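*Asks:* Here is my input, please return the structure:
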Amino acid sequence: MPPAGATPHTFFIALCAIAVTLTLSLGACTPRSSHPTHESLAITSRTLKNIDELDTPSTPTNGGTHVSTALKNNILTVASINSTEHTPQWALDISLTNASDSRISWPDYPDHDLAGRLSATTVGALVVSPNGNYVSLALQVTRKQEEAQLTDQSSTVELASQQRGYVVVLDARTGRTVLTEEFFGFILAQALTNDYLAVETALAYFPAGEGKGSITAFPFDGSPGPTTIPTDQWLVGAGQDSLLLSPQPLHHDMCSSPCGPFTLTRINTSGQNLGTITHADRVYRGGWVEIYKEPAPDGEDGEASTQAAREVVDVDTGAATDLNGDQAEETGLSTGPGLLVTRRTDPDKQSSPSVPVSWLSAADDGHPHTENLEQFTSK
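*Replies:* Sure, this is the predicted structure:
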């Protein structure tokens with residue numbers, strides 16, 4: 001009902017003015033409004049002539065291939081390479097459009113070794129799903145004027161407000177873009193299950209306290225999502241359908257060797273607690289954790305810890321492989337990521353050569369394989 005003395009025409013104009021005012025006010029409350037973005041990611045196919053420039057980082061994928069990258073002149077080149085014939089299967093260029101004042105890089109936060117952490121294979125700048133079907137790349141975007149504005153006296157919250165990046169998920173078999181997501185704040189880690197992308201962000205260089213860390217999980221099939229999970233722990237790995245959290249960051253430059261023992265928490269992509277894994281020492285790409293079979297020796301006796309009984313456990317199936325003094329190391333298989341178990345020819349000599357005794361595939365139930373060991377000895 002128009003107020004007294006107002007014509008229908010003037011009342012309509014007043015309503016329009018109120019609607020515009022409300023729209024502007026609500027827009028000012030949108031979290032992304034304080035991060036105006038004009039550029040976008042362009043992902044284009046290309047013909048790759050020289051694969052020698054593609055080496056860092058790299059990861060094995062399904063089909064006997066590996067995905068490698070090269071970042072040069074503000075362009076990230078990503079390619080799938082046949083691991084036997086060393087020929088490209090597909091290649092892409094990822095770059096920024098409408099962004100003459102911005103550059104892309106691998107996530108790099110000086111003096112806090114997040115760059116080192118993000119080079120780790122389990123949660124790094126390039127990760128692979130356990131089944132080898134998907135790869136994900138994390139990129140940081142920096143504007144020139146933002147670099148000039150930041151100072152050593154800036155608070156972490158101020159620094160976080162300037163941090164922005166993208167995560168791109170690709171089908172490892174075809175190069176098709178599955179997801180492209182933009183993030184604000186510090187990207188602490190990313191991981192892939194067989195069906196989800198999980199990215200951990202924070203307002204500081206750590207998830208606890210003022211970091212106010214959170215993990216956002218995106219489904220690949222377009223089902224309702226994403227799901228945001230608040231956390232004060234570090235995302236350190238993923239299995240076929242679960243995520244692994246740790247109270248401490250896990251990377252060879254961020255802890256002594258051995259890193260453990262520590263306790264891992266398993267959650268699903270909805271944030272539900274699935275249990276804990278105790279006496280853990282290492283987390284491997286593909287969903288394995290190396291644990292002490294008994295509590296590790298007290299103190300800082302590295303030799304005693306190294307000689308302690310260990311086993312490798314598949315976090316989703318629970319399949320355990322007793323190492324019995326053998327060593328486990330990450331390897332590439334025709335199905336994607338795997339583990340190779342090796343044994344010294346002379347157990348009493350550290351310098352003696354090692355030979356393969358079994359291998360594990362992230363694409364099955366986690367049991368050890370002893371067939372076709374020559375695929376490793378011939379390399």
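*Asks:* other SSEs contacting the lengthiest strand in the chain?
*Replies:* Criterion DSSP state E: the longest strand present in the chain is strand 273-284. Judged by 3 or more C-beta pairs under 8 Å, 6 or more residues apart in numbering; DSSP states H and E, the packing partners of strand 273-284 are strand 234-238, strand 243-246, strand 262-267, strand 288-292, strand 310-314. Yep, even glycine has a C-beta here, placed from its N, CA and C like the rest.
*Asks:* Next, the angle from the longest one to strand 273-284.
*Replies:* Following axes from the mean of the first three to the mean of the last three C-alpha atoms, to 10 degrees, one obtains 130 degrees for the angle between strand 262-267 and strand 273-284.
*Asks:* In strand 262-267, which of the residues would be classed as buried?
*Replies:* Applying a neighbour-count criterion of 16 or more other C-beta atoms under 10 Å, one finds 262, 264-267 buried in strand 262-267.
*Asks:* tell me which of those is nearest to Ser95?
*Replies:* Ile267 (35.0 Å; C-beta to C-beta).
*Asks:* mind checking how far the closest residue to Val341 other than its chain neighbours is from Thr263?
*Replies:* Leaving aside its chain neighbours, Val341 sits nearest to Ser358 (4.6 Å; criterion: C-beta to C-beta, 6 or more residues apart in numbering). Between Ser358 and Thr263 the distance is 27 Å, computed by C-beta to C-beta, to the nearest Å.
*Asks:* Name the SS class of Leu197, please.
*Replies:* strand (DSSP: H, G, I helix; E, B strand; the rest coil).
*Asks:* so what's it closest to, chain neighbours aside?
*Replies:* Phe218 is the one closest to Leu197 (C-beta to C-beta, 6+ apart), at 4.6 Å.
*Asks:* got a list of what the residue nearest to Val341 touches?
*Replies:* Applying C-beta atoms under 8 Å, 6 or more residues apart in numbering to Ser358 gives the contacts 321, 340-341, 368-370, 373.
*Asks:* and if you look at Thr142?
*Replies:* Here Thr142 is in contact with 102-103, 105 (criterion: C-beta under 8 Å, 6+ apart).
*Asks:* Can you show me the CA trace of the helix or strand encompassing it as CSV?
*Replies:* In the assignment (DSSP states H and E), Thr142 maps to strand 134-143. Only the C-alpha atoms of strand 134-143 are listed here, as CSV (Å, rounded to 0.1, in the frame of the first residue of the first chain):
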residue,chain,number,x,y,z
TYR,A,134,43.0,-37.8,-11.2
VAL,A,135,45.8,-35.3,-10.6
SER,A,136,45.4,-31.9,-8.8
LEU,A,137,47.6,-28.8,-9.1
ALA,A,138,47.8,-26.0,-6.5
LEU,A,139,48.7,-22.5,-7.8
GLN,A,140,49.3,-19.2,-6.1
VAL,A,141,48.3,-15.8,-7.6
THR,A,142,50.2,-12.7,-6.7
ARG,A,143,49.6,-9.1,-7.8
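*Asks:* Flag every buried residue along that strand.
*Replies:* Buried residues in strand 134-143, counted by 16+ other C-beta under 10 Å: 134-143.
*Asks:* mind listing the helices for the stretch 1-150 of the chain?
*Replies:* With helices called from DSSP state H, counting those that start in this stretch, the stretch 1-150 of the chain shows them at 8-28, 114-117, 144-149.
*Asks:* mean pLDDT for those helices: which is lowest?
*Replies:* The minimum mean pLDDT among the helices of the stretch 1-150 of the chain belongs to helix 8-28 (a mean of 39).
*Asks:* returning to what we had before: which one among the contacts of Ser358 gets closest to Leu71?
*Replies:* Using C-beta to C-beta, the contacts of Ser358 come closest to Leu71 at Leu340, 29.0 Å.
*Asks:* that older thread, looking at the buried residues of strand 134-143, which one is closest to Ser214?
*Replies:* Ala138 (15.6 Å).
*Asks:* mind checking how far stretch 219-239 is from the chain centre?
*Replies:* 11 Å (C-alpha atoms, centre = their mean, to the nearest Å).
*Asks:* Quick one: end-to-end distance for stretch 225-239.
*Replies:* Chord length of stretch 225-239, first to last residue, is 20 Å (C-alpha to C-alpha, to the nearest Å).
*Asks:* ok, and the closest non-adjacent residue to Gly318?
*Replies:* That would be Gly366: by C-beta to C-beta, 6+ apart, it lies 8.0 Å from Gly318.
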